[in-house]
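# here is my input, please return the structure:
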Amino acid sequence: MMSQSILHISPLSFPWQTMDPFLFCVHHLDNYPQGNAQMGPKASLAGRQMGSDFSNKDGWSMYHGQSIPGFPSHPHRGFETVTIVRQGRIDHSDSLGATARFGDGDVQWLTAGKGIVHCEMFPLRHQDRANTCELFQIWLNLPAQDKMCEPHFTMFWREQIQSVRHVDANGYATDVLVVAGQLGNAQGLPPPPHSWASQAQSDLAIFTIRLEAGARWTLPGATQAGTKRQLYFFAGQSLNIAGQSIAQRSVVEVVAQDDLDIHNTGSQVVELLMLQARPIAEPVAQYGPFVMNTQAEIHQAFEDYRRTEFGGWPWGASDPVHPREAGRFARHADGRLEERDVDEAKA
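Residues are numbered from 1 along each chain as shown. The predicted structure is shown next:
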């Protein structure tokens, strides 16, 4: 019999199943080979459907990239993207004039609002070794009142993101990265001003959870009524939640208000992603990169994009990347520059 704290268990699909206000969630893990002189793969591209390569052939994909993997310029309206980069680097450029290189623990939070065009490229900087790239991308809806807000680009650098470590009675550790929300004394960084996450009533939280083999930890219950919570078991061998055995690569909807016993019962590290929030509970009309409340608003989004290109594309190429030696940085639309460890390109 299923535990009363567990509402539903399903095998992970692609993209992963989500609940309001989350629209989309995907986990990319690409074991890219050595990079060539142009920071593309030093390997043959034969047999791939170039322009739309999601094949995972040889353990990696080009996605929409032609010479460098990634996602060349494309538009968004009406929602936000939260990109959590666990390994590797992403080169970002957008129609606001902002640009960045980030990764290896950094998070980008981008509010598309009334419209933005951006690109996300995965430069293979290392010519002498593999270039593993691993990330989550989460699409978070905007309430109707904020769908046409000004676009906003935010960086959460890994040095700023708080985490919690719990060591159980047997000495096994659980580490939780608090991307959004709060866990004990760890507080997520302030989300963009028009985000649903910036509203106190949203009760929104995004955690990544890593349990050593044998580790046991209690996830505290949410404090607000109406909050929904899902756990994605995406890595590891054996897991028990609230007394129930969970199959590998499952999504588990739980009673958010219940304290939840999580036990890694296997011999491998277990990793989970947790998404939690109160629903926005508004109609959703979605077509490709546009998410609005009505079909009429979707038609208007296409018309506006054809007419304005959401400010145009100031970068020339649709897939710009930064020099190989560049470290982590962000140059915002207002010219403000953030630089993090400029020598990290050697790492």
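
# state the mean pLDDT of the helix or strand hosting Y305.
In the assignment (DSSP states H and E), Y305 maps to helix 295-308. When pLDDT is averaged over helix 295-308, the result is 98.

# check stretch 193-213 too.
97.

# so D20 touches P283, yeah?
No. Using CB atoms under 8 Å, D20 is not in contact with P283; the gap is 10.6 Å. The way it works is simple: take the backbone N, C-alpha and C, and place the C-beta from them, glycine included.

# the more surrounded of those two?
D20 (15 against 10; other CB atoms under 10 Å).

# now that one, what's its secondary structure?
In three-state terms, and counting by DSSP: H, G, I helix; E, B strand; the rest coil, D20 is coil.

# so who does it touch?
Counting by CB atoms under 8 Å, 6 or more residues apart in numbering, D20 makes contact with 141, 228, 277, 279-281, 284.

# what residue ranges in the stretch 201-347 of the chain score low on pLDDT?
Low-confidence segments of the stretch 201-347 of the chain (pLDDT under 70): 342-347.

# put the buried members of the contacts of D20 into a PyMOL selection.
Command for PyMOL that selects the buried part of the contacts of D20, burial taken from 16 or more other CB atoms under 10 Å:
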select buried, resi 141+228+277+280
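
# give me the subset of the contacts of D20 lying in strands.
141, 228, 277 (DSSP state E).

# my guess is the last one contacts L204. True?
Yes. A277 lies in contact with L204 (CB under 8 Å); the separation is 4.1 Å.

# who touches both of these two?
Shared contacts of A277 and L204, counting by CB under 8 Å, 6+ apart, come down to 21, 196-197.

# who wins for most neighbours among these?
Neighbour-wise, these (other CB under 10 Å) top out at P21, 26 neighbours.

# measure it to V107 for me?
P21 sits 18 Å away from V107, going by CB to CB, to the nearest Å.

# quick check: V254 vs P75, distance?
In terms of CB to CB, V254 sits 35 Å off from P75.

# which of the two has more residues huddled nearby?
Neighbour tally, V254 and P75, criterion other CB under 10 Å: the higher count belongs to V254, 24 against 20.

# which ones are touching R306?
Contacts of R306 (CB under 8 Å, 6+ apart): none.
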